[in-house]
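Colleague: When you get a sec, could you give me coordinates for this:
(one chain, ligands or ions: 1)
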Amino acid sequence: MMNYPLLIKNCILERAKNIYPKKEIVSRDYNGMFRYNYAQFYERVCRLGSALQKLGVQRGDRIGTLAWNNHRHLELYFAVPCSGAVLHALNLRLFTEQLIYVINHAADSYIFVDMDLVPLLENIQDKLSSVKGYVIMSPETELPQTRLQPVYSYEQLVNEGDPGFQFPADLDENMPASMCYTTATTGNPKGVVYTHRSIVLHSFSECMVDSLAVSEAEVVLPVVPMFHVNAWGLPFSCTMVGAKQVFPGARPDAKVLCQLFQDEKVTATGGVPTIWMAVLAELEREQYDLSSLKTIVNGGSALPRAILEGYRRKLGIDIIHAYGMTETSPLVLYNYTKSYLRDLSAEEYTQLKLKQGLLVPGLEMRVVNEKGEDVPRDGRTMGELLLRGPWIAGYYYNEPERSRETIVDGWLHTNDIATVDEEGYVQIVDRTKDLIKSGGEWISSVDLENAIMSHPAVAEAAVIAMPHPRWDERPLACVVLKPGTSASEEDIIKYLSDKVAKWWLPDKVLFIDEIPKTSVGKFDKKVLRSRYATSS
Ligand code: AMP
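Modeller: Okay, here's the model as predicted:
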């Protein structure tokens, strides 16, 4: 067979232009909805490619983006890697110090920034040593007032760009195409570099029927931000198969999302559980016609049972559970139901849907105990999940020490504790550092949270370990009640008593106004621990 390079240009961009020129891309812009098709998209990507060349962007240069999910960001997703440069989507919710750190660590040479995010960069530009210029993205060609220097207008660069620009044809499939930083829970964020080959293979895997089944007929709205593992790779897989893409733009709230789901007849979407909680609350308040929506993918954190059941009740669909991480591009596990498991009892079926799912083709996994031995596939014995495959990180960018700690003997150590059942379904029990180690046994904070969140008065719950003189650690539950409801510590404990083992019952239930969230919308247990884990 030919040794054909798997390049974003050949396998994704050109295909979209040649086969799906009429298919639509829709984006919530600052001045209203923006619509165009893949033919027009392709032309703008070429113009942008020539603009990058004029700016002097070289192969291997890192190009930062500080942007929402929108069509300009999508154009950069293609123009940058197809030029041979590396797209570095910056997490716009990072603390200032971390934002400075990742820009300097990646040594970004230009930063493309959405107009409303410009102040974030104005305040730190003195500390950004590698940046040669800033490009402001807005619907206008005129530049807004800004302290950024030197500064360019995105629309002007695109207007003046060459629509017939040819991207280089001699890239190597193992060249870096994109990078994302992890939201590290300890220390500085770590950079993961994706290659053309890894992105193309990951896109194929997302288009498989037993996986996300991204296809031409789908209308996909990625809620997951384009800076969080490249919106789970959806902009690449959707473009590969010409799916209609809908981008929710700046600061989308639950109302905006529900309106877009309805107006654009969205069929598939993906995000973290906090999004699905907010959208469900909106659906309880207002009427929307979401009859087109068939696939809601939950990833990033465990799917709470109350959310699964809420969507069943409200929309008549099962949220699909998936698992991955920045280091894994991210797709690793996807919970499709095997044909012969569809007639399980209702409770068994729900238990199955709450698992993270089956390993997608192309990857290998192991679940190992502390001695490094594979645990039995009995759905009970816990071990650490190890992974390897063509879209699993082999190292962290310029971090030899931390790379050696995490990638050992060719396997990525996920730090996630899992069980695997006889059918191969994997359940993530907890992150190693979130497990509560009580009297030599493990309590899953995720299971406890799920049980608490099924209480009708509870909006959100996060469980953390607090130090204990006799048992080492004991669970502390931080609970947010739904507006207009009430429940006491005793009510919650009583409610849990027939749902979890007695020794799992929290020693304390703290009622708080809000669970702090990380920059990608997950419960921030680091903050909770520092605030409350000393209370006894
Ligand atoms: P990130 O790199 O920010 O995407 O975080 C990756 C981590 O999120 C994983 O190592 C898991 O601990 C967690 N995670 C992702 N998906 C799930 C899921 N479906 N259930 C439980 N934890 C998850």
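
Colleague: For the rest of this, base every contact and every neighbour count on C-alpha atoms.
Modeller: Will do.

Colleague: Near the ligand, which residues of the stretch 301-450 of the chain are found?
Modeller: Proximity of the stretch 301-450 of the chain to the ligand (CA under 6 Å from any ligand atom) is limited to residues 301-302, 321-326, 356, 414, 416, 428, 431.

Colleague: among these, which two are most distant?
Modeller: Maximum pairwise distance among these (CA to CA): 17.9 Å, between His321 and Thr414.

Colleague: more crowded one of these two?
Modeller: More neighbours surround His321 than the other of His321 and Thr414, with 25 against 18 (other CA atoms under 10 Å).

Colleague: and the spatially most central residue of the chain, what is it in contact with?
Modeller: For the chain, the residue nearest the mean C-alpha position is His228 (4.4 Å; CA atoms, centre = their mean). The contact partners of His228, taken as CA atoms under 8 Å, 6 or more residues apart in numbering, are Asn91, Cys180, Thr326, Val520.

Colleague: Same check on Gln166?
Modeller: So, once contact is read as CA under 8 Å, 6+ apart, Gln166 ends up touching Cys46.

Colleague: From the contacts of His228, pick the one nearest the ligand.
Modeller: Nearest to the ligand, judged by CA to the nearest ligand atom, of the contacts of His228 is Thr326 at 3.8 Å.

Colleague: how many other residues sit next to that closest one?
Modeller: When neighbours are counted by other CA under 10 Å, Thr326 registers 24.

Colleague: quick one: it from Glu97, how far?
Modeller: 20 Å (CA to CA, to the nearest Å).

Colleague: Also Gly440?
Modeller: Using CA to CA, Gly440 is found at 38 Å from Glu97.

Colleague: Just the pLDDT at Ala184, thanks.
Modeller: Looking at Ala184, its pLDDT is 66.

Colleague: Ignore what I typed, I meant Phe95.
Modeller: pLDDT, Phe95: 86.

Colleague: What about the residues of the stretch 301-450 of the chain next to the ligand, which are in strands?
Modeller: In this view, those that belong to strands under DSSP state E are His321, Ala322, Tyr323, Gly324, Thr414, Asp416, Ile428, Arg431.

Colleague: Looking at those, which is nearest the ligand?
Modeller: The ligand has its nearest neighbour among those in Tyr323, at 3.8 Å by CA to the nearest ligand atom.

Colleague: pretty sure that closest one contacts Leu331?
Modeller: Yes. Between Tyr323 and Leu331 there is a contact under CA atoms under 8 Å: 6.5 Å.

Colleague: Only the buried residues of the helix of greatest length in the chain, if you could.
Modeller: The helix that spans the most residues within the chain, counting by DSSP state H, is helix 38-54. Buried residues in helix 38-54, counted by 16 or more other CA atoms under 10 Å: 38-53.

Colleague: Which residues does it contact?
Modeller: Against helix 38-54 from outside (CA under 8 Å, 6+ apart): 13, 16-17, 20-25, 75-76, 78-80, 82-83, 157-167, 242.

Colleague: and the helix or strand hosting Leu528, how far from the chain's centre?
Modeller: Using DSSP states H and E, Leu528 maps to helix 525-532. Distance, stretch centre to chain centre, for helix 525-532: 23 Å (CA atoms, centre = their mean, to the nearest Å).

Colleague: other SSEs contacting it?
Modeller: Judged by 3 or more CA pairs under 8 Å, 6 or more residues apart in numbering; DSSP states H and E, the packing partners of helix 525-532 are strand 458-468.
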